[in-house]
Structure formats: C-alpha cells, structure tokens
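1. predicted model and sequence below, questions to follow.
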Amino acid sequence: MASYLPQAKDLILQFSSWKVIHIKRSENKSVDALSKLVSTNFEHFAKDIYIEVLGRPSIPQHQVLIMQTDVESWMTPILAYLTSGVLLEGQAAARKIRHKALNYKIQYGVLYRRSFLCPFLRCVDVEDANYLIREIHEGICGFHADPRMVMAKLMNVGYYWPGMHMDAVQKIRKCDLCQHHAPNTLRPKNELVPVTSTWPFQKWAIDIMGPFPEAPGRVKFLILAIDYFTKWVEAKPFASITVASIKKFLFEFIICRFGIS
C-alpha cells in the first residue's frame, strides 16, 4: 500500500476537486466479496463470472542495486589466509593469524567460527554488529535486555564478532529508554573495601541513632556497637545521649563480650 500511495497522490493532482467518503460495512458487501476471491478456488465458479488476474502490480517496480564495497574489517586477514594463504607482515602477526584461523571456516564465501556448544557462528563486521544489537535490544521483538542476555541471543541465532560483550555494553548504555525506565541500583559506585581485624577488639565501631518516637521509659535514642573480629553486636536504648550514658554502654558491651562478672 505504501507503493500505491505516491501514485494516488499524483492522480489527485489531476482533479479540480475531490472528497473522501466513508462507506459503511453494511453497504460494502460487494467489495468485501471481491477481496475474498484471492483465497477462493476458481474451479468452483459459475461460467457467467468473469475474473481478471493481474500477473504483476500496476505500479512500476523500482530496481534496487546492492552496492557492496570492499571495506577492511577484522575478518580481512583471516579470509586472506584461508582463501589464498596470504599472511600479514611480521612474524608475530603472521603467527597470530595462523593460530586464529584454526577456529574459522569458509563456506559459500562466508566466514564462520567454530563453536563447541552450538553450530557454526556467522562472522559479521562492525556495521552489521551494530544493527544486530539494535534489533535484539530495541527492535520489534526487543524488550531492552541487559548486555549479557543480548550477547546470549546473538550467539543463539548464530552470529559472532570479537568483543561482542563490550560492544553490547557500549551500545545499550546509549539507549534513551533504558536510562529513563531502568530501576535505580542501590549498589555503591565504588568497590567496597573490607575491614579486617586480627584479634578481638582490635577494631570496633560505635554509632548513635535517633531520635525516634518515644517508647516506654521515654527512650528515643539507640546506641550500637560492633566488634569487627567476632561480629558481636550490642544495642541499647537511652532517653538522652550523654557522656555518662556512652561510657556505661561501652562498659556493659565489654563485660558482655568477654563474660566478665
């Protein structure tokens, strides 16, 4: 229908005036019956019914020429070695290509990579790789998956190129919808640094929390202490935070930890 639209617009320009009339479904039975003739067997028709079969569309067909340029990619050295035995200059580079070529195979002019868990994977260049990532991530059947799932789907459908995971990460980071609707992560931006301790009470910490709504006894503060070696935790409520209350809490914490009576 998109091909017929420009031709319809050209025909409209030849009329001085025109208007669009909506025909109800009840008044359009004859046209509806004609549209169903495509899926009907012509042998069962009566002899007084004349049918014209159009063998080709009434609009001119545009010829599309596929232009393919010889652009070098990561597959070029491997294809050159497998087809004609040409290696790169330099002993180290030639040895590297010769070692890589053991995992590849050419079939009908297409480069494939051998795989242990699935059939041969078709190798693609950078342009095709970007299209595949976009199609799987945000295409018709895409659901904005993470890079790991996108890479797994690419290998399941039979495609491969070096650095698949990193290319998927860089491409998905630029997705506008993922940046707006992705869940907020609560993980810290930097790596956690573990706090180690060699013996009890070499390192310990204390923290004060509150004020909270008053509880029975008019307590509304909470003092916590932890020993990093044994992970011993003590917590006690207080009505107010003073130096005397902190000292009392620490004294009870040490007594309870070491069992001093």
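-> Right, received. Where do you want to start? Since the model is a prediction, treat every value here as computed from it, not as a measurement. Numbers count the residues shown, from 1 in each chain.

2. excluding its backbone neighbours, what's nearest Val86?
-> Using C-beta to C-beta, 6 or more residues apart in numbering and skipping the chain neighbours, the partner closest in space to Val86 is Ala80 (4.4 Å). From N, CA and C alone the C-beta is placed, and that goes for glycine too.

3. which strand or helix spans that neighbour?
-> For Ala80, the host element (DSSP states H and E) is helix 76-84.

4. next, count neighbours for Val110.
-> 13 (other C-beta atoms under 10 Å).

5. ok, and the closest non-adjacent residue to it?
-> According to C-beta to C-beta, 6+ apart, the nearest residue to Val110 is Arg122 (6.3 Å).

6. go ahead and confirm the one you found touches Gly158.
-> Yes - Arg122 lies in contact with Gly158 (C-beta atoms under 8 Å); the separation is 5.6 Å.

7. counting contacts, what elements does the host helix or strand of Glu252 pack onto?
-> Here Glu252 sits within helix 243-258, counting by DSSP H and E. Under the contact definition 3 or more C-beta pairs under 8 Å, 6 or more residues apart in numbering; DSSP states H and E, helix 243-258 sits against strand 221-227, strand 232-238.

8. from the chain's centre, how far out does that helix sit?
-> Its chain's C-alpha centre and that of helix 243-258 lie 53 Å apart, by C-alpha atoms, centre = their mean, to the nearest Å.

9. just send the helices and strands packed on helix 243-258 back as TSV, with mean neighbour count, mean pLDDT and distance to Ser115 too.
-> Formatted as TSV, these follow (neighbours: other C-beta atoms under 10 Å; pLDDT from 0 to 100; distance: least, C-beta to C-beta, whole Å):
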stretch	mean neighbour count	mean pLDDT	distance to Ser115
strand 221-227	18	84	51
strand 232-238	15	82	51
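
10. between those strands, which one is closest to Trp74.
-> Minimum separation from Trp74 across the helices and strands packed on helix 243-258 (C-beta to C-beta) falls at strand 221-227, 53.4 Å.

11. and what about His180, helix, strand or coil?
-> helix (DSSP: H, G, I helix; E, B strand; the rest coil).

12. A helix includes the residue nearest to Val110, no?
-> No - Arg122 is assigned strand when assessed by three-state DSSP, not a helix.

13. bridged to it, which residues?
-> Beta-bridge pairing of Arg122 under DSSP bridges involves Tyr112, Tyr159.

14. so what's it up against?
-> Val110, Leu111, Tyr112, Gly158, Tyr159, Tyr160 (C-beta atoms under 8 Å, 6 or more residues apart in numbering).

15. tell me the pLDDT of His99.
-> On pLDDT, His99 comes in at 89.

16. ugh, wrong one, Phe258
-> The model reports Phe258 with a pLDDT of 62.

17. can we start the residue count at 12 from this point?
-> In the new count, where the first residue is 12, that last one comes out as Phe269.

18. show me the contact partners of the helix holding Glu263.
-> 211-212, 217, 234, 236, 238, 241, 243, 245, 247, 249, 271-272.

19. max pairwise distance over those: which two?
-> Farthest apart among these by C-beta to C-beta are Pro211 and Phe249. That separation is 25.2 Å.

20. nothing else from me, thank you.
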